[in-house]
Every structure is written in C-alpha cells, then in structure tokens.
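Novice: take a look and give me a structure for this.
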Amino acid sequence: MTILSFEAVNLIRKQKVLLNNINWRIENGEDWAILGLNGAGKTLLLQMIAGNIWPSNGKLTVLESEFGKANIPNLTKRIGWVSNVVEAKLYQSDTALSIVISGKFASIGLWQEHNLADEEKAAALLTTLGGGQLLQKPYQILSQGEKQVVLIARALMADPELLILDEPCNGLDLFAREDLLAKITKLKQQKNAPTILFVTHHTEEILPFISQVLMIRNGQIYAKGTPADLITAPVLNDFYERPIQITTLNQDRLLVYPKS
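Specialist: Model (predicted):
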C-alpha cells in the first residue's frame with residue numbers, strides 16, 4: 001500500500017509559488033523524517049497531507065484517497081497529527097482525558113456522544129504513554145512535556161494509519177525530550193503501529209526506526225534518501241548553505257551544529 005503520493009504538486013497563493021513541483025511517495029513500512037529550515041515549506045506540506053490545504057495543481061493521494069475525489073473529513077480521521085497548529089486550537093480548560101477522547105472524532109472540543117469504552121481507551125493510551133496521572137487535569141496547567149503526551153494520545157485515539165509528529169520535542173528540556181523520544185520508539189514497536197512522519201530541525205531526534213529522510217528548501221525538495229546517505233557533512237553543508245559539523249551521540253544518532 002502506498003501511504004501517500006505527491007505527483008507534480010504545486011501550491012500557489014497570490015501568484016507566489018510556495019511549494020514547487022513536489023514529487024514524493026511513502027510506501028507501507030517506511031517511516032520518514034523531514035528536515036528544513038524555518039520557512040522551507042514543511043508546515044505547508046503537512047497541512048496539505050492533513051487535508052487543510054489543497055494543491056493548486058498536481059495530484060495528491062493520501063491513504064489511497066485522491067484529493068478532489070475523496071471524502072476529506074473521513075480521511076482526516078485516519079491521520080493522527082501532533083502539531084502546534086492543533087494545540088493552538090484546543091480548549092485549554094478541557095481535561096487531558098476529554099482532549100484525548102476528542103481525537104476519535106478529529107474534533108476540537110468534545111461535542112459528539114462518547115461511551116465508557118472511549119473513556120477507557122483514552123485512559124489506557126495516556127497510561128501507556130506515561131500520562132496516567134493526567135486524566136482529570138486541565139490541559140492549561142500541564143508542563144510542555146505532559147502536553148505533548150496528551151497530544152500524541154489524542155492523535156492515536158482513532159487508530160490512525162499515518163501519524164504526523166510536527167516538531168514534537170519543541171519546547172522540551174533535554175530530559176523531557178529524551179523521555180518523549182523513548183515513548184515514540186516504544187510506540188513504534190507496538191503491533192499495527194502507524195506510519196510515522198517526523199518533522200524536526202534537529203538531526204539527533206531522528207530515531208533508528210526512521211528509514212528515510214526528506215529535505216526541503218525554499219518550497220522544493222532538495223533530496224530524498226536514507227539517513228546514512230543524507231546525514232553527512234557534504235550533503236548538509238550544501239543543503240544548509242553554511243558549514244556544519246557532525247558529532248556522533250551514539251551508534252544511531254548524529255548531532256549537527258554550525259561550524260565555528
């Protein structure tokens with residue numbers, strides 16, 4: 001099964017090309033990281049996958065649903081999305097439990113009828129992710145790390161086939177970040193785990209289960225390939241257009257930083 005397919009996709013707003021000639025496929029069994037500086041087009045790409053923005057031209061197919069022919073509200077329920085775009089819309093006074101349950105309906109706020117089984121599933125998801133103590137706490141009082149756990153549990157509530165993690169470690173301290181990365185790794189080890197699309201600025205967050213990397217710059221795809229092929233000094237020096245250095249954190253993770 002092809003998870004998603006971009007075929008010559010462009011996004012044009014006010015006669016300005018924001019995404020240019022995007023050609024990209026994700027096949028079942030692949031997990032991808034997306035790298036790019038601020039303004040590169042990463043969030044636009046995600047908004048398009050999630051059905052919030054439509055291509056100006058080209059063909060986009062997500063989970064075998066072609067835009068222009070598919071029922072987009074039904075499609076969005078098959079996609080879990082963890083992003084500050086989602087977080088900014090949440091009702092901050094809602095409890096963690098109700099926010100997680102709302103993920104079943106891909107809604108902001110809990111307006112639809114739900115049952116005890118939904119509550120039990122939401123509580124189990126939070127507990128599995130280490131947030132069992134958060135159930136009845138208002139979202140607004142949670143730490144940033146706790147909020148990310150709630151957002152991931154919400155994204156998993158509808159058993160998504162595709163899970164988009166848009167800078168999930170943003171705002172976390174170094175310990176909370178490692179805790180969250182460990183939870184994501186554990187999630188990926190579960191049976192029937194979703195395909196993961198992981199957006200980050202930091203190469204050290206690219207976990208071992210990530211099989212492919214997409215690099216985007218100025219609204220265009222710069223390169224696609226394996227982490228071993230792309231997370232190298234020659235490629236990254238050219239990609240960032242500034243000199244960088246690479247340090248090995250461990251056998252599987254690499255830290256990239258500006259060269260002094």
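
Novice: in this protein, what helix or strand scores lowest on average pLDDT?
Specialist: helix 84-87 (a mean of 79; mean pLDDT, DSSP states H and E).

Novice: flag the shaky bits of the stretch 151-260 of the chain, pLDDT-wise.
Specialist: 251 (pLDDT under 70).

Novice: can you pull out the helices in it?
Specialist: Here the stretch 151-260 of the chain has its helices, by DSSP state H, counting those that start in this stretch, at 174-188, 227-230, 233-240.

Novice: in which helix or strand does residue 59 reside?
Specialist: Per DSSP states H and E, residue 59 falls inside strand 57-62.

Novice: again, but for residue 119
Specialist: With DSSP H and E as criterion, residue 119 is part of helix 116-128.

Novice: what sits against residue 161?
Specialist: Contacts of residue 161 were listed using Cβ atoms under 8 Å, 6 or more residues apart in numbering, and they are 3, 63, 78-79, 194-195. Where C-beta positions appear, they are placed from N, C-alpha and C, glycine not excepted.

Novice: most neighbours among these, which one?
Specialist: Counting neighbours by other Cβ atoms under 10 Å, residue 79 leads the contacts of residue 161 with 24 neighbours.

Novice: who's in contact with residue 252?
Specialist: 207-208.

Novice: please redo it, this time with the cut-off set to 6 Å
Specialist: By Cβ atoms under 6 Å, 6 or more residues apart in numbering, residue 252 lies in contact with residue 208.

Novice: returning to that earlier point: hmm, who's touching the next helix or strand after the strand holding residue 59?
Specialist: Downstream of strand 57-62, the first helix or strand assigned by DSSP H and E is strand 65-66. Here strand 65-66 makes contact (Cβ under 6 Å, 6+ apart) with residue 75.
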